[in-house]
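>>> sequence first, predicted coordinates after that:
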Amino acid sequence: MKNWMTTIGSKKSLIQEVAPKVNAKWKRIGRHLGISKNVLNDIQSQVARMPDSNMRAFELMVEKWKNLKTSNVVIETFITALGSPEVGEVEVAKYMRDKIEGKYTMAQKLKDWLLTITAQAYTKWRLVGEQLGISSNDLDSIQSEFAGRPDVYRFQQVLSIYGPTRNYDAYRKLIDALDKVGENTKVLKDGLEDVLIAIKI
């Protein structure tokens, strides 16, 4: 049972977060997610003698939903089920939607920030790579792999190898590298602080 939300992707922790608030209504939620009455009854039988049976039933229900393998298995469908008149968890649904929209906005801002860096500094891809500690062999491989293509592809590969994913110090190191190769980073620094504070890295 420990991986009961794997195909929901990055949203799994949000469903787990609200589970204690809504698990008692697992059967109603399941009906809205398209799970058959027979399957829901089977779940009820399985958990009847278990401690914390509602939570166990909720987990099993989500697993069954995941295994439907249809386009229905998306977070928005789950949120809609919570907000339906039968389930009546409007506030929880609103909380989930607000949280998702907020995360998406910040993720998009971070993506835009990286695109701004690329547009500004892509011609210095090798110098930036050296400052980030990427080996000469790796940089030579990038040069060969993207031979005949614009430098922007090489710069993007440098970022991919460096991989500063969700790490404040790593993003700061990237800005320091740009400083050292002569790029004006004031706007980038301001933008980074706004994004990283908002997403609480």
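Sure, I can see it. Numbering: from 1, shown residues only.

>>> and the strands in the chain?
Counting by DSSP state E, the chain forms no strands at all.

>>> quick one: low-confidence ranges for it?
Across the chain, the ranges flagged by pLDDT under 70 are 1-12, 69-73, 103-107, 164-167, 193-201.

>>> for it, what spans make up the helices?
Using DSSP state H, the helices of the chain run over residues 12-22, 26-32, 37-47, 53-66, 75-83, 90-121, 125-131, 136-145, 151-162, 168-180, 186-199.

>>> now render those helices as a markdown table, adding mean neighbour count.
C-beta here means a position set from N, CA and C on the backbone, and glycine is covered the same way. Below are the helices of the chain laid out as a markdown table (neighbours: other Cβ atoms under 10 Å):
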| stretch | mean neighbour count |
| --- | --- |
| helix 12-22 | 16 |
| helix 26-32 | 20 |
| helix 37-47 | 14 |
| helix 53-66 | 20 |
| helix 75-83 | 19 |
| helix 90-121 | 15 |
| helix 125-131 | 21 |
| helix 136-145 | 13 |
| helix 151-162 | 18 |
| helix 168-180 | 17 |
| helix 186-199 | 15 |
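
>>> R126 and D138 touch, don't they?
No: with contacts counted by Cβ atoms under 8 Å, R126 stays clear of D138, the gap being 10.7 Å.

>>> thought L139 was touching R126?
Yes: counting by Cβ under 8 Å, L139 touches R126, with 5.6 Å between them.

>>> who's sitting farthest from the centroid in this protein?
R49 (36.1 Å; Cα atoms, centre = their mean).

>>> give me phi/psi at that residue?
phi -110, psi 10 (degrees, to the nearest 10).

>>> quick one: contacts for it?
With contact set as Cβ atoms under 8 Å, 6 or more residues apart in numbering, R49 has no partners.
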